[in-house]
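A.B. asks: build me a structure from this.
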Amino acid sequence: MSKKKKFAFAAALTGAAAAAVTAGMYLRQEALKRRPFEIEEMTISQMQKALKLGQVTSKELVQKYLDRIEQIDRNGPILNSIIELNPNALHEAEACDVKRSVIHEVGPLFGIPIIIKDNINSAGMHTTAGSVALQFNRTDEDAFLIRQLKRAGAIILGKANLTEFANFMTEGMPNGYSSLGGQVRNPYGQAFDVGGSSSGVASAVSASLAAAGVGTETSGSIICPAAFNSLVGIKPTIGLISRTGIIPLSHSQDTAGPIARTVKDAVLLLNAMIGMDENDEETIWSQGDVSKDYTVFLKRGALKKARIGVDRRYLDSVSDEKVNLINHALEFMRDKGAVIVDPAIIPSADTLKNRKSSVMISEFKYDMDRYLAGLSDQVSVHSLSELIAYNKEHADEALKYGQTLLEEADRLNGDLGDRQYLADRAEDLRLSQKEGLDAAIKTRKLDALVFADDQGSDIAAKAGYPSITVPAGYVSNGEPAGITFVGLSFSEPKLIELAYSYEQESRHRRKPVL
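C.D. replies: Below is the predicted model:
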């Protein structure tokens, strides 16, 4: 055979092979389209792949979540995690499908259904904080972080139930209870604490009623429910995410943050929410410390040579079984090359534990009065005093557990120039930062401190520092436990590396049996 004929023959073979590969890819894609599409435990990346292949549309994805909410949240186990659905969710999803057919290349959250806590404004829905007094509070304006999510193409599926007023209404109220929404339940078992106050978000995400969710935290309200529902929760440094459009509790500690089934999903949500907001001065000051893309820190092997500390006094109030899980986690990280500094003493821990600060309650009075004053006439309460009076008038519905914290806050003058408030704020910062987390982490040259569940939330919240919790396993009765990494201001990159590496190596999360 001549060289020319050999070349032509080879080219024909190459063309045939390419055609066969193309045909094979087409057949695989068609097979994927015909395969039943299951959303349970599906990651955001898996959803995007399915959307790109045409295995599912965003409209179908939203409908599957709506069907699952009907089957699981409102019937069956009755998790009671969703307080309101977005009436426009299917239309918004359909618009995403049309846009995808034209654009093709879209971001990781495009067309993905997200659930948000019902203290965050989202246009076309109510924002109630779980209170019957705010049941008619409706706005046509999105919170800044919701605008960010919508800009990324995310679909707001609905609002999640919560512990009423972010668990700052009364003492003794169960985690997950609100007068408007009732009691949220833990999908791992009704006997288990669902955690607070972002209870509905955590329950919904854990039960695969949404791809991921957004909670808020003042002190433990993301970390606690995430840990109790075997999820990943990121409480970012104050200033990373705008608070504009969120019902406040304490402005020096309030922040929103992602709750998801995987570290990667949580980081994708975090990426979309961050941004400078001219109406939130904390975001203006912090943007020089903010990464543009936190997915670059999703690195395996980050545990090797990492220095991780533990102050065992924070384990005193934790069950023996959970202490064993934390010990196992520390040993596991040591096996992966981490240096475990045990003990790593936080000098101010005992002082903070026994100290009562006026900061949170003073800021609640100030912030809540300002928030309520700005509500429309559709709402009948426009001050903390009016809220308390409304609750008394509707006590059968509104005051199952009382309102002791609301009443205590209302007795204050709301003056943030008050000498006691200023002294307490300075003391909180000194004890939580310089003599607290800074002292432990910098002195021992740590990358992070670890805690069981939300045990380190109070000191991290007072400091304004970030935390990330990931599943650490389950105790003998099936109750989930989390391990939480805490670092210094804007140490999210390192915490994400550690949390992702631990998650990928340990693979503890298992879905709830509903």
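
A.B. asks: how close does the nearest residue to residue 208 once chain neighbours are set aside get to residue 456?
C.D. replies: Nearest residue to residue 208 in three dimensions, chain neighbours excluded: residue 40, at 4.5 Å (C-beta to C-beta, 6 or more residues apart in numbering). To be clear about C-beta, it is placed using only N, CA and C from the backbone, and glycine gets the same treatment. According to C-beta to C-beta, to the nearest Å, residue 40 stands 32 Å off from residue 456.

A.B. asks: and what of residue 255?
C.D. replies: For residue 255, the distance to residue 456 - C-beta to C-beta - is 16 Å.

A.B. asks: which of residue 40 and residue 456 has more neighbours?
C.D. replies: Neighbour totals were compared for residue 40 and residue 456, and residue 456 leads with 26 against 12 (other C-beta atoms under 10 Å).

A.B. asks: give me the pLDDT for that one.
C.D. replies: According to the predicted model, the pLDDT of residue 456 comes to 97.

A.B. asks: identify the bridge partners of the nearest residue to it once chain neighbours are set aside.
C.D. replies: Spatial nearest neighbour of residue 456, excluding adjacent residues (C-beta to C-beta, 6+ apart): residue 486 at 5.1 Å. On the basis of DSSP bridges, residue 486 is bridged to residue 449, residue 467.

A.B. asks: these two touch, right, residue 486 and residue 452?
C.D. replies: No: using C-beta atoms under 8 Å, residue 486 is not in contact with residue 452; the gap is 11.9 Å.

A.B. asks: more crowded one of these two?
C.D. replies: Per other C-beta under 10 Å, whichever of residue 486 and residue 452 has more neighbours is residue 486, with 29 against 24.

A.B. asks: give the contact list for the more buried one.
C.D. replies: With contacts defined as C-beta atoms under 8 Å, 6 or more residues apart in numbering, residue 486 is in contact with 437, 448, 449, 450, 451, 456, 459, 460, 465, 466, 467, 495.

A.B. asks: for residue 346, see how far away it is.
C.D. replies: Distance of residue 486 to residue 346, computed by C-beta to C-beta: 10 Å.

A.B. asks: which helix or strand in the chain has the lowest average pLDDT?
C.D. replies: The least trusted helix or strand in the chain, going by mean pLDDT, DSSP states H and E, turns out to be helix 3-34, with a mean of 53.

A.B. asks: what about the strands in the stretch 151-300 of the chain?
C.D. replies: Under the criterion DSSP state E, counting those that start in this stretch, the stretch 151-300 of the chain carries strands at the ranges 155-160, 177-178, 182-183, 212-217, 232-235, 255-260.

A.B. asks: put together a markdown table for those strands, with distance to residue 479 on each row.
C.D. replies: Formatted as a markdown table, those follow (distance: least, C-beta to C-beta, whole Å):
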| stretch | distance to residue 479 |
| --- | --- |
| strand 155-160 | 21 |
| strand 177-178 | 19 |
| strand 182-183 | 18 |
| strand 212-217 | 20 |
| strand 232-235 | 17 |
| strand 255-260 | 18 |
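
A.B. asks: assess the claim that residue 435 and residue 345 are in contact.
C.D. replies: No: using C-beta under 8 Å, residue 435 makes no contact with residue 345, being 11.3 Å away.
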